[in-house]
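Trainee: Fold the following for me, if possible:
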Amino acid sequence: MKQLIKQVFTVQYEYDVRFTTDLFSKKNDFLVQFFASREPEVTPKLLVVVDAGMAAHHEGLVERISTRLNEIPNVSLVPDIIVVPGGEAVKNDHTVIDRIVEAVDQHRIDRHSYIMAIGGGAVLDAVGYAAAIAHRGIRHIRVPTTVLSQNDSGMGVKNGINYRGKKNFIGTFCPPVAVFNDELFLTTLSHREWLAGISEAIKVALIKDAAFFEWIANHAVQLHTRDMGAMRYLIYRCAELHLQHIASTDPFEFGSSRPLDFGHWSAHKLEQLSGFEIKHGEAVAIGIGLDSMYSSLAGLLPPEDGQRIIDTLQAVGLPVFHPMLESNSGHHPLLAGLEEFREHLGGRLTIMLLEAIGRGVEVHALDNDLVLQAAVALQQRTAIHS
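Mentor: Here you go, the predicted structure:
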């Protein structure tokens, strides 16, 4: 009797990322075209979840969304638009997930219907998670509203919420069916939010595209002063690089190599240690600074390249140091982030460092003393810059 059946199959995913302005205007046909292209056998339902922070900055936004979506054939809008907290609060409050799942049940949202998330990266993460677990997966549409979500988190296939004080401890891999980047939402961002998203573009440029990094360095002033043309290009190129990486490597992260997490092992810990007061993009900027300085101290990256990276981060207006990095102790709480990151990877520790601008190199261990030396160097550089 045979004792083995080997099962192998592949699943193809395809989704478009569209760039537009004023998505919910009557003159904008992007959503009309999308739903018309789906050719459903029956008219699907659509449940919408909106970031409260974004709604507060765009007067009448919820009403505009409702009006526009009710005009679109080929889809039936659920009357109750759910408004949820923005930022990490939505990922820390698990009752939000319950509200969305309850709405799915109440309005009989099935697997052939849609859930649309409109908001920053945290809202997209939480809503995507709820969509993935309800009925084992409801199609979800992302409408990112921040720089970071339009160029990074909204592009990928991951969703998640925070649990036990740990970032993204619970989550799923569930790609969206569509992403709509609306630059109108960027106009009301706080300056802090505007800048925070630039860190992810610097990250992907450093590990994949030296020419893109040079472009960022040469346009640091325009990006800092909120030039929309510069930001438009930065978001498009960053999104393009992220999507290319996802498609060409390991989209569901079966291995422990995650190049796009350059600068993130410390960023996740800094967010947690600060009670999520530090924004994700700010923590990533500090993490990029730390790993770039470590790369130089370890002899991997030429010192002048390390300095140029720090200069560019600061020229854009991003932080490269936080007082929580201060410590002369080998028991620095930040170092616990290394072990947590290894657990998150599900295998051996794999950290992306730099051997040149535009070229990363993976290592499987970090020297704790060099990590602390890198932190001290960043503190000194911040004092000089100030």
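Trainee: Which residue, other than its chain neighbours, is closest to residue 226?
Mentor: residue 194 (6.0 Å; CB to CB, 6 or more residues apart in numbering). In this view, the C-beta of every residue, glycine as well, is placed from N, C-alpha and C.
Trainee: do residue 379 as well
Mentor: Nearest residue to residue 379 in three dimensions, chain neighbours excluded: residue 321, at 5.2 Å (CB to CB, 6+ apart).
Trainee: do you know how far residue 204 is from residue 107?
Mentor: Between residue 204 and residue 107 the computed distance is 38 Å (CB to CB, to the nearest Å).
Trainee: Which segments of this structure make up each domain?
Mentor: 16-188, 193-385 (automatic domain parsing).
Trainee: can you pull the pLDDT of the most centrally placed residue in the chain?
Mentor: For the chain, residue 153 is the residue whose C-alpha lies nearest the centre (CA atoms, centre = their mean; 2.4 Å). Residue 153 is assigned 87 on the pLDDT scale.
Trainee: and the closest residue to it other than its chain neighbours, what is it in contact with?
Mentor: Nearest non-adjacent residue to residue 153, counting by CB to CB, 6+ apart: residue 121, 3.7 Å away. Applying CB atoms under 8 Å, 6 or more residues apart in numbering to residue 121 gives the contacts 144, 146, 148, 149, 152, 153, 154, 280.
Trainee: Does the fourth one lie in a helix or a strand, and which?
Mentor: Counting by DSSP states H and E, the element that carries residue 149 is helix 147-151.
Trainee: from what I can see the residue nearest to the centre of the chain touches residue 144, true?
Mentor: Yes - when contacts are counted by CB atoms under 8 Å, residue 153 is listed as touching residue 144 (7.4 Å).
Trainee: Report how many residues lie close to residue 251.
Mentor: 15 (other CB atoms under 10 Å).
Trainee: Against residue 260, how distant is it?
Mentor: 11 Å.
Trainee: What segments of the stretch 101-250 of the chain are strands?
Mentor: 114-119, 139-144, 158-163, 166-173, 178-182 (DSSP state E, counting those that start in this stretch).
Trainee: wait, the residue nearest to residue 379 sits on residue 382?
Mentor: Yes - applying CB under 8 Å as the test, residue 321 and residue 382 come out as touching, 4.2 Å apart.
Trainee: Please say which of residue 204 and residue 107 ends up with more neighbours.
Mentor: The neighbour comparison of residue 204 against residue 107 (other CB under 10 Å) goes to residue 204, with 24 against 16.
Trainee: Can you report how many residues lie near the closest residue to that one other than its chain neighbours?
Mentor: Distances taken as CB to CB, 6+ apart place residue 241 nearest to residue 204, at 4.7 Å, with adjacent residues excluded. A count of nearby residues for residue 241, using other CB under 10 Å, gives 22.
Trainee: In contact with residue 241, which residues are there?
Mentor: Contacts of residue 241 by CB under 8 Å, 6+ apart are 204, 205, 208, 209, 212.
Trainee: Now do the same contact list for the first one.
Mentor: When contacts are counted by CB under 8 Å, 6+ apart, residue 204 touches 152, 212, 238, 241, 242, 245, 260.
Trainee: first vs last residue of stretch 174-189, how far apart are they?
Mentor: Length of stretch 174-189, first residue to last, CA to CA, to the nearest Å: 28 Å.
Trainee: how about it: buried residues?
Mentor: 174-183, 185-186, 189 (16 or more other CB atoms under 10 Å).
Trainee: Please settle this for me: is residue 314 part of a helix?
Mentor: Yes - per DSSP: H, G, I helix; E, B strand; the rest coil, residue 314 lies within a helix segment.
Trainee: surely it meets residue 320?
Mentor: Yes - counting by CB under 8 Å, residue 314 touches residue 320, with 6.3 Å between them.
Trainee: More neighbours: the two, which one.
Mentor: residue 320 (25 against 20).
Trainee: number of nearby residues for residue 165?
Mentor: 11.
Trainee: Excluding chain neighbours, give the residue nearest to it in space.
Mentor: residue 272 (6.0 Å).
Trainee: From the structure, what's the count of residues near that neighbour?
Mentor: Residue 272: 20 neighbours (other CB under 10 Å).
Trainee: Kindly format the C-alpha coordinates of the helix or strand hosting it as CSV.
Mentor: Assigned by DSSP H and E, residue 272 belongs to helix 264-273. Extracted in CSV, the C-alpha atoms of helix 264-273 (Å, rounded to 0.1, in the frame of the first residue of the first chain):
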residue,chain,number,x,y,z
HIS,A,264,12.7,47.3,10.8
TRP,A,265,14.0,45.0,13.6
SER,A,266,14.8,48.0,15.8
ALA,A,267,11.8,50.0,14.4
HIS,A,268,9.3,47.5,15.7
LYS,A,269,10.8,47.5,19.1
LEU,A,270,11.1,51.3,19.3
GLU,A,271,7.4,51.6,18.5
GLN,A,272,6.5,49.1,21.2
LEU,A,273,8.8,50.7,23.8
